[in-house]
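[1] coords please:
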Amino acid sequence: MNPNCARCGKIVYPTEKVNCLDKYWHKACFHCETCKMTLNMKNYKGYEKKPYCNAHYPKQSFTMVADTPENLRLKQQSELQSQIKYHEEFEKSRMGPSGGEGMEPERRDSQDSTSYRRPQEQQPHHIPTGTPVYQQPQQQQVAPSYGGYKEPAAPVSTQRSAPSGGGKRYRAVYDYSAADEDEVSFQDGDTIVNVQQIDDGWMYGTVERTGDTGMLPANYVEAI
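    Coordinates of the predicted model:
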């Protein structure tokens, strides 16, 4: 049995039937509700089970929810929970992380004093740390005066007496620069011959490379 058209109410035969929006239409009756433009299955838009063209398709508007007693109760409950949560967050921020009221978090300086380390003073590689440097202080003698005439003071000699006799051979293990006129300078690896022990800290010998003879520190050389 053939159905009736949703618009004109007449029988719709299979050759002219349009099945859309849960209804049956004649092809000529399937048109826009507003402008009466004939539509098809590709360009129609349905609203409340009625066909519309793209230009006259009704714009949906938001409907207001009625203020029923149940909706009012839910609204008040939601506002109350929001106020409680806000109050708790405000109290936490006011108390601070340490729990004391009115206390501000400690400010850390951009440069922590405990993290700063004073750089160690670098010493020359050829002078080991802790090596004593022996220098004799020069003492100035005051010449006696006789009736206004002052006798010139004799210069104080700091020349160390060189021991006599043969000695051993030593090799320099550090560079050394002479600090006094009776000392000799040498470099790491130089050979010192005719070395004689003067005391626990000093020796006397000749640098084989330069031929200079004089005093040298004992802890800068080693026996060959």
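[2] Could you chop this structure up by domain?
    1-59, 165-223 (automatic domain parsing).
[3] wait, which of these is closest to Lys92?
    domain 1-59 (46.4 Å; CB to CB). Yep, even glycine has a C-beta here, placed from its N, CA and C like the rest.
[4] show me where this structure has helices.
    69-95 (DSSP state H).
[5] now it, which segments are flagged as low pLDDT?
    Scanning the chain for pLDDT under 70 picks out the ranges 60-67, 96-167.
[6] please redo it, this time with the cut-off set to 50
    101-106, 109-116, 155-162, 164-165 (pLDDT under 50).
[7] Spell out, range by range, the strands that occur in it.
    Per DSSP state E, the chain carries strands over the ranges 17-20, 23-26, 45-47, 50-52, 145-146, 149-150, 168-172, 191-197, 202-207, 213-217, 221-223.
[8] Format those as TSV; extra columns: distance to Ser93 and mean neighbour count.
    Below are the strands of the chain laid out as TSV (distance: least, CB to CB, whole Å; neighbours: other CB atoms under 10 Å):
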stretch	distance to Ser93	mean neighbour count
strand 17-20	60	16
strand 23-26	62	19
strand 45-47	51	14
strand 50-52	55	21
strand 145-146	88	8
strand 149-150	88	9
strand 168-172	72	17
strand 191-197	78	17
strand 202-207	75	20
strand 213-217	70	19
strand 221-223	72	13
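[9] can those go into CSV with extra columns for distance to Asp182?
    Formatted as CSV, the strands of the chain follow (distance: least, CB to CB, whole Å):
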stretch, distance to Asp182
strand 17-20, 123
strand 23-26, 127
strand 45-47, 115
strand 50-52, 119
strand 145-146, 33
strand 149-150, 30
strand 168-172, 18
strand 191-197, 14
strand 202-207, 9
strand 213-217, 5
strand 221-223, 17
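[10] just so I know, which of these lies nearest Glu79?
    Among the strands of the chain, strand 45-47 sits nearest to Glu79 (CB to CB), with 36.2 Å.
[11] which helices and strands sit right next to that closest one?
    strand 50-52 (3 or more CB pairs under 8 Å, 6 or more residues apart in numbering; DSSP states H and E).
[12] Partner strands of the strand it packs on and their direction?
    Strand pairing for strand 50-52, determined by DSSP bridges: strand 45-47 (antiparallel).
[13] Run through who's touching the partner strand.
    Applying CB atoms under 8 Å, 6 or more residues apart in numbering, the contact partners of strand 45-47 are 20-21, 51-54, 57-58.
[14] Ile192 pairs with what?
    Bridge pairing for Ile192 - DSSP bridges - gives Tyr170, Val207.
[15] Over to the one 10 residues further on?
    Note on Trp202: beta-bridge partners by DSSP bridges are Pro217.
[16] in terms of contact, does it touch Asn219 like I think?
    No: in terms of CB atoms under 8 Å, Trp202 does not count as a neighbour of Asn219; the distance is 9.8 Å.
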